[in-house]
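Visitor: Next one to model:
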Amino acid sequence: MQDATSERGEPPPTTDAMVPGGAADADGTAGPADGTGTGSFAIGRIWWLAVGMLGIQAVFALYNAFLPLLYGDFLTSRTLIGLLMGTDNLIGLLLIPVVGAWSDRLDSRHGRRLPFIVIALPFAALTFAAIPFAAVLLWTLIVTEVVFTAAMHAFRSPYVAMLVDHTPPARRSTTSGIAQFVGGLGVLAAFAVISPLFDTDRRLPFAIGAVLLLSSLIAIWTRAQRFPAHLDNAPVPARNPVRDVADELRALTRPPQRGRRDLLLAMLLTYGVVAGLQAMFPLFAIDVLGLTGGRAAQLLTAFAGAFLLTALIAGAIGTRYGVLPTMRVALVALPVCWFTTALLSDANAVAGMLVLGGAAWALFVVPAVALMADLGGRDRIGFVLSLYYVFTMLGQMVGPLLLGAAMDLLGPAGLWIGAGVVTSGGSWLVWRGQRALDADPHELATRTLLR
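Guide: Next comes the predicted model:
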């Protein structure tokens, strides 16, 4: 799809109306974009574009909460239900890197990312709304779920890459903080406001989630720049995206890519710990704290609430002091929290440690997204962010298994001991990965990689 204004497929000239901070930009920017990380930054535009994260996180929260209940109408095996729910991760592992690599090379009149969002997001919204109607037969429910998850993963990494495209490297941590905060609001709305409607009519949460997704599309379409100033918009050679991904993955195994590989493995370990804690904490709380299952799950809101309240602050800290220093502080604080919690048997004390852990987790996650974007330079952001999602999803798959095994070996306290040990491993990988990088992340962010 070539731009109609250029026979050579190049983007139209950047004008004041197209560059954040130009005379026609009403989003509060100032100064020209120079690609160095010190150019213009339309923070108002980022808040509008981040509405998409609210829809994504709310819909995934509702999906994870209610789809097992719909499968329960047909199946009694919890193992089989879990296997079917795992198709979400499997589809993501296969689709996300291909779409991310494709979005880095797409040459269209609407830019690199927007076509994926405009095509896939409505499919995701419609199929999400259709899930309760498809639940009349098991096979129709499975097919609808597969189409829904494929559509979600087809626009997720281009969407996050689009947020980065609108942000100079020096401010990417700020953008990540905004996106994480807005996404947290989506999860909060899903659980506190939308979920209770399931008892009234099981179709309502799915309909509202679909409306949230479609509403976010309106915000994205009206506010997104087709050729953002902080992305290298010059046309690049087209390649088969599957072959492109295969070549990049092979390159990741070679010594020159050790820094990036170690940082991705750190994401796998740290995300695995949090996924394992969320899955196994109710068992610890019942056995050690004497809580009911419902109260045990409710106690986890201390972690989620602290994360939400800290997300914007974490973005500002990452911008002010650098993404890697902020992450290293978090990876010192997290093992301390987990090892300390292994010694506690009082619910209020555990809740306090979960608050500290949630805040430290925000200090890791928010700058981590910005760091991954920096490793993608000016034109490989979509693929590198897709690798981030693949490794974090792998971590979420293996984390409950690792911490469950630790509990079997060491008793209930093994949950926290295992979490501390694995997080310490992630901290070591971040340290080693930083030393192996060939430049500072902000310098890497200014490089052109595809030519």
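
Visitor: can you give me the helices in the stretch 151-300 of the chain?
Guide: 172-189, 204-223, 241-252, 258-284, 293-299 (DSSP state H, counting those that start in this stretch).

Visitor: got the angle between the second one and helix 172-189?
Guide: Orientation check (axes from the mean of the first three to the mean of the last three Cα atoms, to 10 degrees): helix 204-223 against helix 172-189 gives 150 degrees.

Visitor: Now do helix 204-223: which elements does it pack against?
Guide: For helix 204-223, the packing partners by 3 or more Cβ pairs under 8 Å, 6 or more residues apart in numbering; DSSP states H and E come out as helix 43-49, helix 51-71, helix 114-134. Every residue, glycine included, has its C-beta placed from N, CA and C.

Visitor: tell me the angle the second one makes with helix 204-223.
Guide: Regarding helix 51-71 and helix 204-223, their directions subtend 160 degrees when assessed with the same axes, to 10 degrees.

Visitor: could you dump the helices of the stretch 151-300 of the chain to CSV with mean neighbour count, mean pLDDT and distance to residue 326?
Guide: Supplementary listing: these in CSV, determined by neighbours: other Cβ atoms under 10 Å; pLDDT from 0 to 100; distance: least, Cβ to Cβ, whole Å:
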stretch, mean neighbour count, mean pLDDT, distance to residue 326
helix 172-189, 24, 92, 7
helix 204-223, 19, 94, 28
helix 241-252, 15, 88, 25
helix 258-284, 22, 92, 14
helix 293-299, 14, 77, 27
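
Visitor: Out of the ones you listed, flag the one nearest residue 121.
Guide: Checking these against residue 121 by Cβ to Cβ gives helix 204-223 as the closest, at 5.0 Å.

Visitor: quick one: residue 124 and residue 364, what's the gap?
Guide: 28 Å (Cβ to Cβ, to the nearest Å).

Visitor: Over to residue 64?
Guide: Noted for residue 64: a distance of 22 Å to residue 364, by Cβ to Cβ.

Visitor: if we can go back for a sec, can I get the helices and strands packed on helix 204-223 in a markdown table with mean neighbour count?
Guide: Shown next, in a markdown table, are the helices and strands packed on helix 204-223 (neighbours: other Cβ atoms under 10 Å):
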| stretch | mean neighbour count |
| --- | --- |
| helix 43-49 | 19 |
| helix 51-71 | 21 |
| helix 114-134 | 20 |
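
Visitor: Go ahead and flag the most central residue of this structure.
Guide: What sits nearest the mean C-alpha location of the chain, by Cα atoms, centre = their mean, is residue 389, with 6.3 Å.

Visitor: That one and residue 94 touch, don't they?
Guide: No. Using Cβ atoms under 8 Å, residue 389 makes no contact with residue 94, being 12.0 Å away.

Visitor: Tell me where the model's unsure across the stretch 51-200 of the chain.
Guide: Within the stretch 51-200 of the chain, no range satisfies pLDDT under 70.

Visitor: you'd agree residue 157 is up against residue 385?
Guide: Yes. Residue 157 lies in contact with residue 385 (Cβ under 8 Å); the separation is 5.3 Å.

Visitor: Of those two, give the one with the bigger neighbour count.
Guide: In terms of neighbours (other Cβ atoms under 10 Å), residue 157 is the more surrounded of residue 157 and residue 385; the figures are 31 against 28.

Visitor: residues in contact with that one?
Guide: By Cβ atoms under 8 Å, 6 or more residues apart in numbering, residue 157 lies in contact with 96, 99, 100, 103, 382, 385, 386, 389.

Visitor: is it true that residue 105 touches residue 243?
Guide: No. Applying Cβ under 8 Å as the test, residue 105 and residue 243 come out as separate, 11.7 Å apart.

Visitor: quick revisit: what's the overlap in contacts for residue 157 and residue 385?
Guide: Residues touching both residue 157 and residue 385 by Cβ under 8 Å, 6+ apart: residue 100.

Visitor: Tell me the confidence at the residue nearest to residue 307 when sequence neighbours are not counted?
Guide: Residue nearest to residue 307 in three dimensions, not counting chain neighbours: residue 358, with 4.2 Å by Cβ to Cβ, 6 or more residues apart in numbering. If you check residue 358, the pLDDT there is 95.

Visitor: could you give the angle of the strand or helix carrying residue 358 to helix 172-189?
Guide: According to DSSP states H and E, residue 358 maps onto helix 347-375. Counting by the same axes, to 10 degrees, helix 347-375 points 130 degrees away from the direction of helix 172-189.

Visitor: Which positions within helix 347-375 qualify as buried?
Guide: Residues of helix 347-375 classed as buried: 347, 350-375 (neighbour count, 16 or more other Cβ atoms under 10 Å).

Visitor: Please apply the same query to stretch 73-86.
Guide: Neighbour counts using 16+ other Cβ under 10 Å place 81, 84, 85 of stretch 73-86 among the buried residues.

Visitor: these two touch, right, the first one and residue 74?
Guide: No. Under the criterion of Cβ under 8 Å, residue 81 lies out of contact with residue 74, with a separation of 9.2 Å.

Visitor: returning to that earlier point: now distance to residue 310 too, for the helices and strands packed on helix 204-223, in a markdown table please.
Guide: Shown next, in a markdown table, are the helices and strands packed on helix 204-223 (distance: least, Cβ to Cβ, whole Å):
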| stretch | distance to residue 310 |
| --- | --- |
| helix 43-49 | 18 |
| helix 51-71 | 16 |
| helix 114-134 | 28 |
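
Visitor: looking at these, which is closest to residue 274?
Guide: Closest of the helices and strands packed on helix 204-223 to residue 274 is helix 51-71, at 14.8 Å (criterion: Cβ to Cβ).

Visitor: Centre of the chain to that closest one, how far?
Guide: Put simply, helix 51-71 sits 14 Å off its chain's centre (Cα atoms, centre = their mean, to the nearest Å).

Visitor: How about stretch 158-167?
Guide: On Cα atoms, centre = their mean, the centre of stretch 158-167 falls 12 Å from that of its chain.
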